[in-house]
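Asker: sequence first, then the predicted structure:
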Amino acid sequence: MSDLDELSFLNEIAQLATQARDWDELMRSIVQGTTAAMRVEVCSFYLANQDRSRLTLAATNGLDRTQVGKVSLAWGQGITGRVAESRQPIAVEDVTRDDRFSWVRGFDIEGLAGMLSVPLIWHDDVVGVLNVQTRGPRQFAEDEIGFLGTIAALLAGIVEKGRLTAEVEARLAELTALDAARSELLSVVTHELRTPLSVVRVYVDLLAEAAAANSSEAADPEAWRTSALEQLARLDRQVDSILASVRGEGLTGLSRAPFDAVEAVDETVETLRLLLRPRPIRWERPPGPLVAVGDETRFRQVLEQLLENESKYAPSAEGVSIGVWRVGNEVQVYVTDDGPGVPIEDWESVFEPFVRIGGRGRSRGSGIGLFAARRLMTAMGGRIFLEPNGYASSRFVVALPTA
């Protein structure tokens, strides 16, 4: 190869560094071009890991490309590892007669003999190794070793530039995800705070009605006051949950402990009974406990979300049904009403953020509750889904593993 051809090829590599669509395309182009420029049958590029303890195949031309990212050599292992360790090129006329060569079963092929291996050095660090191999024995000339070393030096700069770009992109993606998580947290928290506030508002209205009527035998202001205070305590706990999420604990702190799902459903129904008025509530507590595994507080929160949805969207004259049973290895709780339900084509859409299904079809809005409910159920090892309720409508089902 003439000096002019060599310069032309090096210019092609420099252009590829700016024109290639992605890393894989760049590496494929370089090893293919090097194979032709060096008049060899195989060219392989190994990339060093961060702690400079191993070399992993990053690209190859002439060997099995499916092994890219899988074949790995220890620092100092074989000719490739020795080049990385010594930081010096190694030329071998016939590797079948050289004990330094490390045969990789399932990757290296028989018949390869000549080998030239050079290090990729950038800012005094070995960032990889570039190999070329021939089918027959071959003595590599000094100018060939120098030419491959020049390719390796150019490739080293490209590798480090690509690695730096990848790190910057990863950091940017991390910051973008963090910003999205904060926005999501704000939406979820805002929605979660509305349920206890709605219950408190109902009790305040009842107290006002009782005061306006002067007194009523059916009125129980003290019980209402106690219930309202319980909801305010819930608000305090919600604030603690917000603080935990802001500190980064998020959904990772959910417990997976046994609890009686029947008791949890019963208490949640009683807590929100007034919120569901004037809708008849069909809830018959099973005679015995059904023990589920999950985070009981968060499980109740999901049930509250479903019942609050009933208070907002179920027809006021129609009844609301709640049930709990064991199905296989799950404890399942369903919530439904006598209305038309959710159309089957929207059974997954309702769990997307900011999507609401109204009488006129899908609409965008503050529909964050079911999205948050699915995240909570998934985080505690359960699930939430829609299914037919047996009366031409649908019902929500939350399920947790049995103890």
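Answerer: Received, thanks.

Asker: contacts and neighbour counts: CA atoms only from here.
Answerer: Noted.

Asker: pretty sure Ala223 sits in a helix.
Answerer: Yes - under DSSP: H, G, I helix; E, B strand; the rest coil, Ala223 falls within a helix.

Asker: ok, it to Thr271 distance?
Answerer: Separation of Ala223 from Thr271 (C-alpha to C-alpha, to the nearest Å): 12 Å.

Asker: which one's more surrounded, the two?
Answerer: Between Ala223 and Thr271, Thr271 has the larger neighbour count (other C-alpha atoms under 10 Å), namely 17 against 11.

Asker: quick one: the helices in this protein?
Answerer: Ranges of helices within the chain are 3-19, 23-37, 78-86, 142-212, 221-246, 261-272, 296-313, 369-379, based on DSSP state H.

Asker: confirm for me that Val324 is in contact with Glu330.
Answerer: No - counting by C-alpha atoms under 8 Å, Val324 sits too far from Glu330 to count as a contact (10.6 Å).

Asker: what touches both of the two?
Answerer: Counting by C-alpha atoms under 8 Å, 6 or more residues apart in numbering, Val324 and Glu330 have no common neighbour.

Asker: using CSV, write out every CA atom in stretch 109-119.
Answerer: Below are the C-alpha coordinates for stretch 109-119, written out as CSV (Å, rounded to 0.1, in the frame of the first residue of the first chain):
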residue,chain,number,x,y,z
ILE,A,109,-11.2,-20.4,13.7
GLU,A,110,-8.6,-22.9,12.6
GLY,A,111,-6.3,-21.9,9.7
LEU,A,112,-5.4,-18.5,11.1
ALA,A,113,-1.7,-18.1,11.5
GLY,A,114,-0.2,-14.7,11.1
MET,A,115,-1.2,-12.1,13.7
LEU,A,116,-0.3,-8.4,14.5
SER,A,117,-1.7,-6.8,17.6
VAL,A,118,-1.2,-3.1,18.6
PRO,A,119,-2.4,-1.2,21.6
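
Asker: wait, Leu276 sits on Tyr313?
Answerer: No - using C-alpha under 8 Å, Leu276 makes no contact with Tyr313, being 10.6 Å away.

Asker: neighbour count for the two, which is higher?
Answerer: Neighbours per residue, other C-alpha under 10 Å: of Leu276 and Tyr313, the larger number sits with Leu276, 21 against 14.

Asker: what sits against the more buried one?
Answerer: In this structure, Leu276 makes contact with Leu307, Glu308, Glu310, Ser311, judged by C-alpha under 8 Å, 6+ apart.

Asker: how much space separates it from Gly382?
Answerer: Leu276 sits 26 Å away from Gly382, going by C-alpha to C-alpha.

Asker: next one: Glu142
Answerer: In this view, Glu142 and Gly382 are 66 Å apart by C-alpha to C-alpha.

Asker: neighbour count winner among these two?
Answerer: Set side by side, Glu142 and Gly382 show more neighbours around Gly382, with 22 against 9, by other C-alpha under 10 Å.

Asker: for the stretch 201-350 of the chain, which residues score under the pLDDT cut-off?
Answerer: Applying pLDDT under 70 to the stretch 201-350 of the chain flags the ranges 201, 203-222, 224-225, 227-229, 231-253.

Asker: could I get the buried residue list for stretch 148-167?
Answerer: For stretch 148-167, the neighbour count (16 or more other C-alpha atoms under 10 Å) marks Leu148, Gly149, Thr150, Ile151, Ala152, Ala153, Leu154, Leu155, Ala156, Gly157, Ile158, Val159 as buried.

Asker: now do stretch 255-267: distance to the chain's middle.
Answerer: Remark: stretch 255-267 is offset 28 Å from the chain centroid, using C-alpha atoms, centre = their mean, to the nearest Å.

Asker: could you work out the end-to-end span of that stretch for me?
Answerer: End-to-end distance of stretch 255-267: 20 Å, with C-alpha to C-alpha as the criterion.

Asker: again, but for stretch 381-401
Answerer: Stretch 381-401 has an end-to-end distance of 7 Å (C-alpha to C-alpha).

Asker: how about that stretch: buried residues?
Answerer: Here stretch 381-401 shows 381-386, 389, 393-401 as buried, counting by 16+ other C-alpha under 10 Å.
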